[in-house]
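A.B. asks: Sequence plus the predicted model coming up.
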Amino acid sequence: MKLNKHNELVDKNLEYVWHPFTQMGVYAQHDPIIIQKGSGSYLYDTKGNKYLDGYASLWVNVHGHNNKKLNKAIHKQLKNIAHSTLLGSSNIPSIQLAEQLVKLTPTRLQKVFYSDTGSAAVEIAIKMAYQYWKNLDPVKYKNKNKFITLHNGYHGDTIGSVSVGGIDAFHKIFNDLIFENIQVDCPSFYHSDYETEEEMVESILTHIDTILRERSEEIVGVVMEPLIQGATGLFVHPQGFLKGVEQLCRKHNILLIVDEVAVGFGRTGQMFACYHEDVEPDIMCLGKAITGGYLPLAATLTSQKIYDAFLSDSHAKKTFFHGHTYTGNQLVCAVALENLHLFNKHKLLKHINKTSKTLKRSLESLNSHPNVGNVRGRGLMYAVELVEDKETKQPLDIPTVERLIMMCKERGLMIRNLENIITFVPVLSMSNKEVKKMTNIFTEVLFEVLGKA
Ligand SMILES: *Cc1c(COP(=O)(O)O)cnc(C)c1O
């Protein structure tokens, strides 16, 4: 693109666009990257620079950018229709996709409720779970209005999803608007004072058990990100935690709601994180990679038992009064179907398990560096936590972290940090060679800025 055209876009970007999760006062001080096109694992900007997509365009991209098959699926659907409503009518791709999703997810999940963002999928899960108990028995379950949640949980940005989230800063601003829940510790061993992982898991599970014994008549269910709490710092749960929570939900007869918006669709090396521990949730939220990173779609899957509690012969009785305008949109469902088809065709899970080893090995080789406090992750979701001091675990200062991210960009790698935590969440189809290139660029920059050892 010609430089004057680029400059014009830079000006208009600042004049008209308010960017999400962005302090615009700071953003305005830097020359922004404006993406013009994509191809495979790469993004290209208006200045002609090329970047390896190490954050999968915010954890969504599966088969690479500008994928011919996904493009074709959209074109093919467009020849019929782009959108009609699921309110009162149905459509072909939404039916086909629902069948596929029910077959792919754990057995207990039998029904699909569509929406458009991960936040909405969680919002729906919360309302559905709450109403489920009221539908069963409004008198017996009249006090059920709270969820057990995890500290450092992230479930989206709408008021309901913030309410079940565990980010203190978000809660502080909206304290008057959000509803109350019961929060337990995040099972992140590195950040805990426990001697062993087993001891930590045992202690948090015992805490949940105690809460449930004392207050189960108030509790609707547990809402959690299974295996990895992504957006707050990529906290990886030890093996057995998820299973333990499931067992407690069964023991006390409350619902287990898992938010697989980030970890679903192969990200952790299994199609869904629940499969790592053979867990059967009552409700599962899906989003992000569901369309291969093409279009906004989300889904809330639920059990036959929950679905049945909403049945009646009158429109106004027990009905779930919730639905977004573009729910089950044909174009979006068509690309999601092709995404699932390609997953199989390219044996993507097998590929991820191979490239994951490369990612893990390369990042773990940095463990001896004095500023690398912790390397953690599963599948193609890894984090390097940078510290000033390995003993005190004091976070590396943010300007230095930002400098590292900036230098990675200058060398052709797009990655993001969550405070002092550098995250590697690449395009799922990224080749082994590209994964190596990604970690090489980061390593080079790390050594240059912070010294070699
Ligand atoms: C991204 C994310 C969400 C929110 O999804 P949006 O599409 O951004 O609304 C919810 N839960 C988890 C675990 C996420 O990672």
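C.D. replies: Good, I have the coordinates.

A.B. asks: quick one, what contacts the closest residue to the ligand within the stretch 101-250 of the chain?
C.D. replies: Ranking the residues of the stretch 101-250 of the chain by distance to the ligand (Cβ to the nearest ligand atom) places residue 118 first, at 2.2 Å. Backbone N, C-alpha and C define where each C-beta goes, glycine included. Neighbouring residues of residue 118 by Cβ atoms under 8 Å, 6 or more residues apart in numbering: 155, 156, 259, 261, 262, 285, 287, 288, 298.

A.B. asks: of those, list those near the ligand.
C.D. replies: Here is what survives when the contacts of residue 118 are matched to the ligand using Cβ under 6 Å from any ligand atom: 155, 156, 259, 261, 262, 287, 288.

A.B. asks: and the protein, which residues reach the ligand?
C.D. replies: 117-119, 122, 154-156, 225, 230-231, 259, 261-262, 287-288.

A.B. asks: Among those residues, the buried ones, what's the PyMOL command?
C.D. replies: Here is the PyMOL command that selects only those of these that count as buried (16 or more other Cβ atoms under 10 Å):
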select buried, resi 117+118+119+122+154+155+156+225+230+231+259+261+262+287+288
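
A.B. asks: End to end on stretch 62-73, go ahead and measure it.
C.D. replies: Stretch 62-73 has an end-to-end distance of 15 Å (Cα to Cα, to the nearest Å).

A.B. asks: actually stretch 412-425, not the one I typed
C.D. replies: Using Cα to Cα, one end of stretch 412-425 lies 16 Å from the other.

A.B. asks: tell me which helix or strand of the protein sits lowest on mean pLDDT?
C.D. replies: The weakest-scoring helix or strand in the chain, judged by mean pLDDT, DSSP states H and E, is helix 168-173 (a mean of 82).

A.B. asks: ok, and for the following helix or strand past that one, which residues are buried?
C.D. replies: Heading C-terminal from helix 168-173, the first helix or strand you meet, by DSSP states H and E, is strand 182-184. Of the residues in strand 182-184, those scored as buried under the neighbour-count criterion (16+ other Cβ under 10 Å) are 183, 184.

A.B. asks: So which residues make contact with strand 182-184?
C.D. replies: Outside strand 182-184, the residues that touch it by Cβ under 8 Å, 6+ apart are 146-151, 166, 204, 207-208, 211, 215, 219.

A.B. asks: One more: stretch 203-223?
C.D. replies: Taking Cβ under 8 Å, 6+ apart as the criterion, the residues outside stretch 203-223 that touch it are 122, 125-126, 129-130, 133, 141, 143-149, 153, 155, 164, 182, 184-185, 187, 194, 241, 244-245, 248-249, 251-257, 259, 282-283.

A.B. asks: Next, the buried residues of it.
C.D. replies: Counting neighbours by 16+ other Cβ under 10 Å, stretch 203-223 gives 204, 205, 208, 211, 212, 218, 219, 220, 221, 222, 223 as buried.

A.B. asks: what about the helices in the stretch 251-400 of the chain?
C.D. replies: For the stretch 251-400 of the chain, applying DSSP state H, counting those that start in this stretch gives helices covering 304-308, 330-345, 348-364, 398-410.

A.B. asks: Mean neighbour count, mean pLDDT and distance to residue 292 for the ones you listed - can I get that in JSON lines?
C.D. replies: Written out in JSON lines, the entries for the helices of the stretch 251-400 of the chain read as follows (neighbours: other Cβ atoms under 10 Å; pLDDT from 0 to 100; distance: least, Cβ to Cβ, whole Å):
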{"stretch": "helix 304-308", "mean neighbour count": "15", "mean pLDDT": "98", "distance to residue 292": "28"}
{"stretch": "helix 330-345", "mean neighbour count": "22", "mean pLDDT": "98", "distance to residue 292": "4"}
{"stretch": "helix 348-364", "mean neighbour count": "17", "mean pLDDT": "98", "distance to residue 292": "10"}
{"stretch": "helix 398-410", "mean neighbour count": "15", "mean pLDDT": "97", "distance to residue 292": "24"}
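
A.B. asks: just to revisit the earlier point, go through the residues of the chain next to the ligand and flag which are in strands.
C.D. replies: Counting by DSSP state E, the residues of the chain next to the ligand place residue 259 in strands.

A.B. asks: Looking at the residues of the chain next to the ligand, spot the one nearest residue 49.
C.D. replies: Sorting the residues of the chain next to the ligand by how near they are to residue 49, with Cβ to Cβ, puts residue 288 at the top with 25.7 Å.

A.B. asks: For the residue nearest in space to the middle of the chain, which non-adjacent residue is spatially closest?
C.D. replies: In the chain, the residue lying closest to the centroid (Cα atoms, centre = their mean) is residue 262, at 1.9 Å. Closest residue in space to residue 262, ignoring its immediate chain neighbours: residue 230 at 4.0 Å, by Cβ to Cβ, 6 or more residues apart in numbering.
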